[in-house]
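3D, please:
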Amino acid sequence: MKIEILEKLAENIYSYKAYPGNEEIESVAAALIEKHPCLKEPSSTSGWYGWKISLKFKMGNYRQKLRDAGCQELKVNCERRGLGETRGKRNKVKKPRRCETNFLPDLPQGKDRESLEKEREQMAVEMTKRTPDITIVDAAMSSTYSLRRQEVVDEEPPVSQMKIRWPAIFTERQISKEFTRLVSKDLSKSFLEGLDGHLSKLIQLFRSKRYEDVPEMTSILESLDKNPSDRDEDVIKGMVIGILVVVENVMEPLPEFYNDVALVIEEEVVMRHLSDIPNAFLNLMGLVYALNLDYPKELKFTFEVIQRLFIGVGSESCTARVHSLKSKLLR
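The predicted structure follows:
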């Protein structure tokens, strides 16, 4: 009976996440005992510690079975460790790093790469029209998700190539949908609710004496007090990832009006005419996930705060520095 229980639990856990963390395994074991008190272990203080250990081993065995059966998401991580015949690829293949729930799915049943490639071509042609048919684009982007993820993770194409092959992914609508496919969360709702929830406490922290000698922060706070609220190629030269704001004759750090707000990735403007900086940032986060990009090294903690505290993805496993900020925000 225990083997059957563990099999069912592993199957259900895998439907949500292939690589659950320690706390997530604990929560499942605790929920099992709460739902079925007869399964409580008399020799365990918590009553579920043995179930937790058994479940961790069962998840490993379950993944191995699926890997042997040809599951793409698990095979690719086997390659990453340098096992089997693909030892030379191990440094290129990436395991989920930012709590993706649907990182590298297999192709849909009844479809192969050739049929999905035809759907991709139809989508690309539709995107060349002045007014693309949203229904066609939505359906094509949804059905070709597995093909796109295998391309992004395995081949790591440059952004310029992705813009040609997958033009729809550089629209606000599809960024939001792709993020939901990857993380099972609504990007805009999560980001804006998280930002609103922490904003007043963040401003309070920034106004503390600790930041009074940071001129950039001082000027922004002064601008907040006053007002709550042709591109030159040299500007984006060397810019790996960033937000480009175009203003005219405005000296304040937070102007009332923007001529344009754009996203730059790999020295290329990939999106324009975004309404404001928060909207640009949430679309930037969506593209980071959709294109499997690294966080900029010098801003990795900033991006981690956005991911874990504002959007709420992987909030249970923060780094020490981000956990310290989280504690201050929740006081």
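
quick check: domain ranges of the chain?
Per automatic domain parsing, the structural domains of the chain span 2-69, 187-297.

Output the ones you listed in a markdown table; the columns should cover mean pLDDT and distance to R331.
C-beta coordinates here come from the backbone N, C-alpha and C atoms, glycine included. Shown next, in a markdown table, are the domains of the chain (pLDDT from 0 to 100; distance: least, CB to CB, whole Å):
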| stretch | mean pLDDT | distance to R331 |
| --- | --- | --- |
| domain 2-69 | 87 | 22 |
| domain 187-297 | 78 | 8 |
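
what's the burial count for G312?
Residues contacting G312 under the criterion other CB atoms under 10 Å number 17.

can you start the count at 196 instead of 1 from here on
Happy to do that; since the first residue is 196 now, the last one works out to G507.

Now for the residue positioned nearest the centre of the chain, which secondary structure element holds it?
The structure's the chain has its C-alpha centroid closest to Y484; by CA atoms, centre = their mean the separation is 4.0 Å. Y484 is part of helix 472-485, with elements assigned from DSSP states H and E.

Dump the domains of the chain to a markdown table, plus distance to F374.
Converted to a markdown table, the domains of the chain look like this (distance: least, CB to CB, whole Å):
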| stretch | distance to F374 |
| --- | --- |
| domain 197-264 | 16 |
| domain 382-492 | 4 |
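
Show me where the chain has its strands.
436-441, 455-460, 463-466 (DSSP state E).

same for the first one, what does it pack against?
The reference is to strand 436-441. helix 428-431, strand 455-460, helix 472-485 (3 or more CB pairs under 8 Å, 6 or more residues apart in numbering; DSSP states H and E).

Listing partners with orientation, what would you give for it?
strand 455-460 (antiparallel) (DSSP bridges).

Show me which residues of the strand it pairs with are buried.
By 16 or more other CB atoms under 10 Å, the buried positions in strand 455-460 come out as V456, A457, L458, V459, I460.

tell me what the helix holding Y484 is packed against?
helix 367-378, helix 382-401, strand 436-441, strand 455-460, strand 463-466.

can you list the residues that contact it?
293, 295, 347, 364-365, 367, 370-371, 373-374, 377-378, 382-383, 386-387, 390, 436, 438, 440, 456-458, 460, 465-466, 469, 488, 490, 498, 501-502, 506 (CB atoms under 8 Å, 6 or more residues apart in numbering).

That one vs helix 382-401, what angle?
Orientation check (axes from the mean of the first three to the mean of the last three CA atoms, to 10 degrees): helix 472-485 against helix 382-401 gives 120 degrees.

Would you mind listing the buried residues in helix 472-485?
Going by 16+ other CB under 10 Å, helix 472-485 has these buried residues: A475, F476, L477, N478, L479, M480, G481, L482, V483, Y484, A485.

what's the closest of those residues to Y257?
Y484 (25.9 Å; CB to CB).

measure that closest one to K306 for me?
24 Å (CB to CB, to the nearest Å).

coming back round to it: in JSON lines: the buried residues of strand 455-460, plus distance to V354.
Compiled in JSON lines, these are given as follows (distance: CB to CB, whole Å):
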{"residue": "V456", "distance to V354": "18"}
{"residue": "A457", "distance to V354": "14"}
{"residue": "L458", "distance to V354": "10"}
{"residue": "V459", "distance to V354": "10"}
{"residue": "I460", "distance to V354": "5"}
